[in-house]
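Q: Got a predicted model here, sequence first, then my questions.
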Amino acid sequence: MSINAQVGHVAEAFRQAFKGDVVIPSDHVYDEVRAGWNGMIDARPAVIGRCRTAADIVTAVNLCREKGIQPGVRAGGHSVAGLSLRGDVVIDLSLMCEVQVDADRAIAVVQPGATWADFDGATGAHGLASTGGLVSTTGVAGLTLGGGIGWPQRRYGLACDNLVGADVVTATGEVVHTSVEERPELLWGLRGGGGNFGVVASLTFALHPVSTVLGGMMLFDWSEASLVLTRFADWTATLPDEASMLAAVLTAPPEPFVPADLVGMPVVALIGCWCGDLETGLDALAPMRELGPMVDLFAPMPYPALQSMLDGGAEPGLRNYFRTGFLDDLGPQAIEVLTDFGAQLPSPMSQIHVHQMGGAVSRVDREATAFSNRGAAFTYNLVSTWTEHSEDGLHIGANKALADALAPLSAAGAYVNFIADAEGDRIRAAYGAQTYDRLARLKRRYDPQNLFRHNHNILPGEASS
């Protein structure tokens, strides 16, 4: 049977057996439903199965397996690489966005289509939170399964470190539960190994007492860029776990809080979160404030407000390309590269982010999760964003040139959530050989035929003895 005939057969099977919403190209909502966050992705799946229950997920997986179709699995957020939309059939979980909070037990049970806005809205009502990204429109499932850098990470660990259980629909259509006590190896794989082992139908998170935090942004004149980044490197080395900071090279936006003569100019930004005593946090900012920022917006705020502070810079539909890596330190050579390239970003929407790591992130046993490099001092994300298709080559080329310049200075591994493509052995290199091989054995156990391949894919390896 040809692939077109196969897909047509699957579409008919979905219409007959699937209890969720079935969307095909002739439907008036098709373009809206198929649209991804990254405007570079123009995927046109033949069938989109929009699940409302775990039973819908089971039906969708069984139909795809029986018909020989490898589905994409779309949760609730960004998917920078757009891999979740590239199957002929997409299992769409975005309608499943309920968050149930058990405040007494300090846990939240989350459906896979939820965003961090959904999560924070539910948990924040109880004065609780968990590490969850930097933008509220990011999906809970995707961010967590890839590791999960987020604001309070240095105090409470990555998002994946707070994942304490999950229900997973495997390639055979079986629903299995995993926790530290039950199928712990599967939980290990979900903590950083992505969507390779099945479709996650629910996630359970540990919660922490987080209500008001000290957060905000400083903007520094570009003439002080090297000095600011050098101070940032020295300052962050002294900070306690309560602080999680980010240095960014960006173009000053036309916002009311930005002086008119700074708008459109390159600047260095300090963005961050102090999750602890507020007065102590204000004192801790002194070394950066001594440098005389042009803008200083750091102030106490509700944690959900911090989570949504950067949403305006992550609008859907723009064209995006990311590269990433780890740094053991932010030394003079790295700073020179960042300032040389930062002075000539080809789009005012493009940015360079340097995330402070360490703290609780570094103290988690490296064998406890699949996250690749817990010892790195920083993670960098090279964010290229633009609007015109005709400029793809310019912006991707500039991004790759910056990545190439940073590569000799970088530590091993990479943060998979920031990988916009998976050329060659990039995924193996991102995890490192030992972790990748362990993931491959787990993949062999739960998905030996690689049904779930439209992701940062782990190829099935040798079966465990």
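A: Arrived safely, thanks for sending. In this text the structure is predicted, and so the values were computed from the model without any measurement.

Q: Please count neighbours and contacts with C-alpha atoms only from this point.
A: Fine.

Q: Tell me which strands the helix or strand where Val249 lies pairs with, and in which orientation.
A: Val249 is part of strand 243-251 when elements are defined by DSSP states H and E. Applying DSSP bridges to the sheet, strand 243-251 is found paired with strand 266-274 (antiparallel), strand 351-356 (antiparallel).

Q: For Asp261, which three-state class applies?
A: coil (DSSP: H, G, I helix; E, B strand; the rest coil).

Q: ok, how many other residues are close to it?
A: Using other CA atoms under 10 Å, Asp261 has 8 other residues around it.

Q: And Gly215, its phi and psi?
A: The phi and psi values for Gly215, taken as degrees, to the nearest 10, are phi -150, psi 170.

Q: Now it: closest residue in space, sequence neighbours ignored.
A: Cys273 (4.5 Å; CA to CA, 6 or more residues apart in numbering).

Q: May I see the strands paired with strand 243-251 organised as JSON lines, with mean neighbour count and distance to Ser372 added?
A: Below are the strands paired with strand 243-251 laid out as JSON lines (neighbours: other CA atoms under 10 Å; distance: least, CA to CA, whole Å):
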{"stretch": "strand 266-274", "mean neighbour count": "26", "distance to Ser372": "23"}
{"stretch": "strand 351-356", "mean neighbour count": "24", "distance to Ser372": "15"}
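
Q: Can I get these in JSON lines including distance to Met218 and mean pLDDT?
A: Below are the strands paired with strand 243-251 laid out as JSON lines (distance: least, CA to CA, whole Å; pLDDT from 0 to 100):
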{"stretch": "strand 266-274", "distance to Met218": "5", "mean pLDDT": "98"}
{"stretch": "strand 351-356", "distance to Met218": "14", "mean pLDDT": "98"}
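
Q: For the stretch 251-400 of the chain, give me the ranges with low pLDDT.
A: Under the criterion pLDDT under 70, no range of the stretch 251-400 of the chain is flagged.

Q: for it, what spans make up the helices?
A: 278-284, 286-289, 303-308, 332-342, 360-363, 392-406 (DSSP state H, counting those that start in this stretch).

Q: hmm, back to that, so the strand holding Val249 versus helix 332-342, what angle?
A: Relative orientation of strand 243-251 versus helix 332-342 (axes from the mean of the first three to the mean of the last three CA atoms, to 10 degrees): 40 degrees.

Q: Need the contact partners of strand 243-251.
A: Strand 243-251 has contacts (CA atoms under 8 Å, 6 or more residues apart in numbering) with 151-155, 229, 232, 236, 263-275, 281, 338-339, 342, 348-357.

Q: repeat that with 6 Å
A: Surrounding strand 243-251, the residues in contact under the criterion CA atoms under 6 Å, 6 or more residues apart in numbering are 151, 154, 264-274, 348, 351-356.

Q: Which strand residues bridge the residue nearest to Gly215?
A: Beta bridges link Cys273 to Gly215, Ser244 when assigned by DSSP bridges.

Q: hang on, it packs against Gly216?
A: No. Contact criterion CA atoms under 6 Å: Cys273 and Gly216 do not qualify, at 7.2 Å.

Q: how distant is stretch 240-254 from the center of its chain?
A: 17 Å (CA atoms, centre = their mean, to the nearest Å).

Q: got it, and stretch 368-385?
A: Centroid separation between stretch 368-385 and its chain, computed with CA atoms, centre = their mean, is 11 Å.

Q: Now do the buried residues in that stretch.
A: 369-385 (16 or more other CA atoms under 10 Å).
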